[in-house]
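Participant: Got a predicted model here, sequence first, then my questions.
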Amino acid sequence: MDKKLDGGWVSTERYLSEYVKGKRSDITHILKDSAPRHVAARGWAMPDGTSSRIYLVQFNSTAFAQYFRDAVVGDAPSGVPLVGTSETSGMVLDEGWSGAGKVERTASYAYEEAKPYGAAQVRLGYLVAGDTFALVVQSREGKEGHGSRSVPPDADPAEPAAGLTCPTVSA
């Protein structure tokens, strides 16, 4: 786990390091066109080996955040590939995710790595809320079928899980 992801500001380059090298220049160009104000990040690892990273990219307006979302997610079923995902299987839309309509004026997209997984299964989510674009990445090393877990089927994604707290980013 990267100790620098402590909830504070990070460089654009650190954010870009999540994406495969072949696509970083495209995203760099899109970011320059969109003029992000800040990038904040928080990362942690759980005892079971699950690694979580959240990046918040704040833009000057909602329009820039929407433009960035369209460019990154676009028409591709999984958006721009991330480091650590299998080059052969790619990412697929998580059909079990139903985040639509949970919070007004937000858009969310959830993906999971298709089988066969690489060294770790990767799950990712994109969220747009106002002028902020979020990238949420979870990965877990292990055998196929024992990767990153999704929200338990009987849990309400709109309600916080018991005993869990959400990391905060201070300005």
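Facilitator: Yes, it's here.
Participant: Quick check: bridge partners of the nearest residue to residue 38 once chain neighbours are set aside?
Facilitator: Distance criterion Cβ to Cβ, 6 or more residues apart in numbering; nearest residue to residue 38, sequence neighbours excluded, is residue 58 at 4.8 Å. Heads up, the C-betas are built off the backbone N, CA and C, glycines and all. The residues listed as beta-bridge partners of residue 58 by DSSP bridges are residue 38, residue 132.
Participant: which secondary structure elements does the helix or strand bottoming out on mean pLDDT in the chain contact?
Facilitator: Within the chain, confidence by mean pLDDT, DSSP states H and E is lowest for strand 91-93 among all helices and strands, at a mean of 74. Other helices and strands packing on strand 91-93, by 3 or more Cβ pairs under 8 Å, 6 or more residues apart in numbering; DSSP states H and E, are strand 106-113.
Participant: Would you mind listing the buried residues in the strand it packs on?
Facilitator: 107, 108, 109, 110, 111, 112, 113 (16 or more other Cβ atoms under 10 Å).
Participant: coming back round to it: what's the burial count for the residue nearest to residue 38?
Facilitator: One way to gauge burial is a neighbour count; for residue 58, by other Cβ atoms under 10 Å, it gives 18.
Participant: List the residues that contact it.
Facilitator: Going by Cβ atoms under 8 Å, 6 or more residues apart in numbering, residue 58 touches 36, 37, 38, 39, 40, 131, 132.
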